[in-house]
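A.B. asks: All I have is the shape, not the residue letters:
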């Protein structure tokens, strides 16, 4: 798709119903993101997410997307400790979760880890730029690569993860001109999130584009629908009808 100039579409999913809807709509890739910790479980960041949680959500997503590429995030501390842990936990996401690939954060420091996972035939998506698992080092969710030195490091990170064997790179929270340079300098696809239009593809969080997460609203998010108001209205009607004795009717009762 990169060689053909065809844009790659990616959305997150964390459960069977959304996975089925996203897959049936024709998405190219589904990411079971550790963003589940924020938009699904209500945490302030992704750090509390566990391997067991990622496996649970990945299983549910895979059931709804049997013909779509499913990539599962490796959560914080599932791959940073040593290469054995990284291989073992990546294998769990494939064997127990049913994913076809895994994603992990980090550039040059994670190159050896990526190489080790790829060596046991597990495809890897890399993630550079704003890496949410590094939120404390970055001092929050801040755009990365605005300064020359930092931009050079992110470019080096992208080249390092490609050389290590990653088959795609998520570029998050970086200036669009830097994303354009990285996209042109690597042969594998770049998937942008807050990285401008010149990436080979785009990824967003499903709850963000449907108006289901009001904890934050990043600049790079566009709401393509607002179903929260529809859901609220439906729940309100249910409460009203039950209170008034209007539901259930004969139509919804057994004889």
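C.D. replies: It's in. Everything quoted here is computed from the prediction, not taken from an experiment.

A.B. asks: now the helices for the protein?
C.D. replies: 16-24, 36-39, 51-64, 83-95, 111-118, 135-138, 148-164, 176-185, 206-209, 227-243 (DSSP state H).

A.B. asks: Give me the distance between the third one and the centre of its chain.
C.D. replies: It stands for helix 51-64. Helix 51-64 has its average C-alpha position 13 Å from the chain's average C-alpha position, going by C-alpha atoms, centre = their mean, to the nearest Å.

A.B. asks: What is that helix packed up against?
C.D. replies: Secondary-structure packing of helix 51-64 (3 or more C-beta pairs under 8 Å, 6 or more residues apart in numbering; DSSP states H and E): helix 16-24, strand 29-32, helix 36-39, strand 69-73, helix 83-95. For every residue, glycine as well, the C-beta is placed using N, CA and C.

A.B. asks: How far does the longest one sit from its chain's centre?
C.D. replies: Going by C-alpha atoms, centre = their mean, the spacing between the C-alpha centre of helix 83-95 and its chain's C-alpha centre is 18 Å.

A.B. asks: same question, the fourth one
C.D. replies: For strand 69-73, the distance between its averaged C-alpha position and the chain's averaged C-alpha position is 8 Å (C-alpha atoms, centre = their mean).

A.B. asks: okay, the angle between it and helix 16-24?
C.D. replies: 130 degrees (axes from the mean of the first three to the mean of the last three C-alpha atoms, to 10 degrees).

A.B. asks: shouldn't residue 206 be in contact with residue 22?
C.D. replies: Yes - Residue 206 is within contact range of residue 22, at 6.8 Å (criterion: C-beta atoms under 8 Å).

A.B. asks: Quick check: neighbours shared by the two?
C.D. replies: 11, 13 (C-beta atoms under 8 Å, 6 or more residues apart in numbering).

A.B. asks: got a list of what the most centrally placed residue in the chain touches?
C.D. replies: By C-alpha atoms, centre = their mean, the chain has its centre lying nearest to residue 33, at 3.6 Å. Counting by C-beta under 8 Å, 6+ apart, residue 33 makes contact with 12, 14, 46, 73, 205.

A.B. asks: and if we set it to 6 Å?
C.D. replies: 12, 73 (C-beta atoms under 6 Å, 6 or more residues apart in numbering).

A.B. asks: For it, grab phi and psi.
C.D. replies: phi -80, psi 150 (degrees, to the nearest 10).

A.B. asks: would a markdown table of the helices of the chain with mean pLDDT, mean neighbour count and distance to residue 193 be doable?
C.D. replies: Converted to a markdown table, the helices of the chain look like this (pLDDT from 0 to 100; neighbours: other C-beta atoms under 10 Å; distance: least, C-beta to C-beta, whole Å):
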| stretch | mean pLDDT | mean neighbour count | distance to residue 193 |
| --- | --- | --- | --- |
| helix 16-24 | 98 | 18 | 16 |
| helix 36-39 | 95 | 22 | 14 |
| helix 51-64 | 98 | 20 | 18 |
| helix 83-95 | 98 | 18 | 21 |
| helix 111-118 | 98 | 20 | 19 |
| helix 135-138 | 94 | 12 | 15 |
| helix 148-164 | 98 | 18 | 14 |
| helix 176-185 | 98 | 18 | 10 |
| helix 206-209 | 96 | 22 | 10 |
| helix 227-243 | 96 | 11 | 21 |
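
A.B. asks: for these, which one sits closest to residue 5?
C.D. replies: Shortest distance between residue 5 and the helices of the chain, using C-beta to C-beta, is found for helix 176-185: 11.5 Å.

A.B. asks: wait, residue 16 sits on residue 63?
C.D. replies: Yes - applying C-beta atoms under 6 Å as the test, residue 16 and residue 63 come out as touching, 5.3 Å apart.

A.B. asks: if I pick the closest residue to residue 153 other than its chain neighbours, what's in contact with it?
C.D. replies: Among residues not flanking residue 153 along the chain, residue 107 sits closest, at 7.4 Å (C-beta to C-beta, 6 or more residues apart in numbering). Counting by C-beta under 6 Å, 6+ apart, residue 107 touches 128, 157, 160.
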